[in-house]
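K.L.:
Pasting the sequence and the predicted model now:
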Amino acid sequence: MQDHTIRMSELLGRPAHVDEVFQQMHIRKETGQFIDDRSRRTHEDLRIDFPRLGLRLRPVLAALFPPP
């Protein structure tokens, strides 16, 4: 997942959001649907918990992806 995050960040020109990476890896391009129910539920859980987690992850993400 880390390699995918790095590539996605380079493409976007900014740090990739955890939610963006998860969606890119777990949603079928052809249908726009999650690959399975577990992925869908995990995404829903992340959307609920991320605002709380984001505050703790912000310094980690800044260290991994410093501004150019």
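P.N.:
Structure received.
K.L.:
how would you label residue 14: helix, strand or coil?
P.N.:
Secondary structure, DSSP: H, G, I helix; E, B strand; the rest coil: residue 14 is coil.
K.L.:
What pLDDT does the model give it?
P.N.:
At residue 14, the predicted lDDT confidence score is 91.
K.L.:
Residue 18 now?
P.N.:
Reported pLDDT for residue 18: 80.
K.L.:
That one is in contact with residue 47, isn't it?
P.N.:
No - contact criterion C-beta atoms under 8 Å: residue 18 and residue 47 do not qualify, at 10.4 Å. C-beta: built from backbone N, CA, C; applies to glycine.
K.L.:
Looking at these two, which has the bigger crowd around it?
P.N.:
residue 18 (16 against 11; other C-beta atoms under 10 Å).
K.L.:
Against residue 39, how distant is the more buried one?
P.N.:
Separation of residue 18 from residue 39 (C-beta to C-beta, to the nearest Å): 14 Å.
K.L.:
Please apply the same query to residue 11.
P.N.:
Distance from residue 11 to residue 39, by C-beta to C-beta: 22 Å.
K.L.:
Please apply the same query to residue 15.
P.N.:
In terms of C-beta to C-beta, residue 15 sits 22 Å off from residue 39.
K.L.:
now swap in residue 5 and tell me
P.N.:
17 Å.
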